[in-house]
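# Pasting the sequence and the predicted coordinates here, then a few questions.
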Amino acid sequence: MESKLRFDLHTHTIYSHGKGDIEDNWVAAKAAGLETLGISDHGPGHIGFGLDPKKIPEMKMKARAMAMRAGHEGGPNVLIGVEANIINPDGQLDMTPEQLEQLDFVIAGYHFGTIGKAPLKAGLMHAAGFVYSHTHLSAARQRDYNTMLVVKALENNKIRILSHPGAKADFDIPTIAKACEKSGTWMEINNRHGCLTVEGIRQAAKYDVTFIIGSDAHVPGDVGKYDEALRRAVEAGLDLKRIVNLRQE
Ligand SMILES: [Zn+2]
Ligand SMILES: [Zn+2]
């Protein structure tokens, strides 16, 4: 039996710091045989290259053009989402609920170098996170704090996918998995970052959560790539039926 990726919702374009336009990712997704392509550029909290929410209508127009093309020549449909930033201790993402409403789906993830609604506090927090993660100073405290940020974001927003859980800092995966179970959020096995790790998959699998593979492509050539993520899932002994975008043939 062979596994095949049905859809890839985690791809970046020139609307943040990806290399290709929506059309380029679509052409790559078509070549990869995907049914659906998701565009999920970084939220505006990413200084210098985050998505400009004013461009969402333009992106949706491009998605519609691709849908028309798919009607003629086949190929995937396109959904426009975002990879928003988990940043504020109050559980808010770096986009307003009104901006999020315009999108087809929401991915959220924790990244360095982002600012949110409380920039100073968030900036200090991320600086602290960076220092702690590189010195193991007060590691347990930082870990609890990071985990709390993610749990609050899951409680306060309709997050479809939590991207690369465990990447960029230290987190308590069982606590996050429990929160994902409650919110119905899919946990990503990211093909580009090593997270979820093999151990993270094992810990999360103890909860009633659904997994999804994301390529996290920043160049069109990486759209639909899933070999590394699948390798970790297999190594973790995960029942592959629990990965929502994997089809067994
Ligand atoms: Zn990310
Ligand atoms: Zn990403």
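That came through, no problem. Residues are numbered from 1 along each chain as shown. Ligands and ions are numbered 1, 2, ... in the order given.

# For E2, the count of nearby residues, please.
Neighbours of E2 under the rule other C-beta atoms under 10 Å: 6. C-beta here means a position set from N, CA and C on the backbone, and glycine is covered the same way.

# Tell me, please, the helix or strand in the protein that averages the lowest pLDDT.
helix 119-135 (a mean of 54; mean pLDDT, DSSP states H and E).

# so after that helix, what's the next helix or strand?
helix 139-156 (DSSP states H and E).

# So which residues on the chain come close to ligand 1?
Residues of the chain found near ligand 1, taking C-beta under 5 Å from the ion as the criterion, are 109, 163.

# which residue ranges form the strands in the chain?
3-5, 7-8, 36-42, 77-85, 105-109, 161-162, 186-190, 211-214, 246-248 (DSSP state E).

# For the ones you listed, please prepare CSV with the additional fields distance to ligand 2.
Shown next, in CSV, are the strands of the chain (distance: least, C-beta to the ion, whole Å):
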stretch, distance to ligand 2
strand 3-5, 16
strand 7-8, 11
strand 36-42, 7
strand 77-85, 5
strand 105-109, 7
strand 161-162, 10
strand 186-190, 8
strand 211-214, 7
strand 246-248, 19
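
# which residue does the chain bring closest to ligand 1?
Among all residues of the chain, G109 sits closest to ligand 1, at 4.2 Å; criterion: C-beta to the ion.

# Test my guess that that residue contacts E83.
Yes. Counting by C-beta atoms under 8 Å, G109 touches E83, with 5.6 Å between them.

# joint contacts of the two?
Among the neighbours of G109, those also in contact with E83 (C-beta atoms under 8 Å, 6 or more residues apart in numbering) are S163.

# which residue of the protein sits farthest from its center?
Going by C-alpha atoms, centre = their mean, the residue of the chain most distant from its centre is H72, 30.4 Å out.

# And the pLDDT for that one?
pLDDT recorded at H72 is 94.

# Just send the strands of the chain back as a markdown table, with mean pLDDT and mean neighbour count too.
As requested, those are exported to a markdown table (pLDDT from 0 to 100; neighbours: other C-beta atoms under 10 Å):
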| stretch | mean pLDDT | mean neighbour count |
| --- | --- | --- |
| strand 3-5 | 94 | 18 |
| strand 7-8 | 98 | 26 |
| strand 36-42 | 97 | 27 |
| strand 77-85 | 97 | 25 |
| strand 105-109 | 97 | 25 |
| strand 161-162 | 98 | 28 |
| strand 186-190 | 98 | 26 |
| strand 211-214 | 98 | 28 |
| strand 246-248 | 92 | 15 |
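
# Compare the ones you listed and give me the one nearest R231.
The closest of the strands of the chain to R231 is strand 186-190. By C-beta to C-beta, the value is 9.8 Å.

# partners of that closest one in the sheet?
Its sheet considered, strand 186-190 pairs with strand 161-162 (parallel), strand 211-214 (parallel) by DSSP bridges.

# Pipe those strands into a markdown table and attach distance to Q142 per row.
Formatted as a markdown table, the strands paired with strand 186-190 follow (distance: least, C-beta to C-beta, whole Å):
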| stretch | distance to Q142 |
| --- | --- |
| strand 161-162 | 19 |
| strand 211-214 | 26 |
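
# quick one: V198 from ligand 2, how far?
V198 sits 20 Å away from ligand 2 when distances are taken as C-beta to the ion, to the nearest Å.

# Give me the neighbour count for that residue.
The number of residues packed near V198 is 17, by other C-beta under 10 Å.

# Would you mind naming what in the protein lies close to ligand 2?
Contact residues (C-beta under 5 Å from the ion) of the chain with ligand 2: 83, 216.

# again, only using 8 Å
10, 12, 40, 42, 83, 107, 109, 163-164, 190, 192, 214, 216, 218 (C-beta under 8 Å from the ion).

# Return the residues in contact with the most centrally placed residue in the chain.
The residue lying closest to the centre of the chain (C-alpha atoms, centre = their mean) is S163, at 3.1 Å. Going by C-beta under 8 Å, 6+ apart, S163 touches 10, 83, 107-109, 188, 190, 214, 216.
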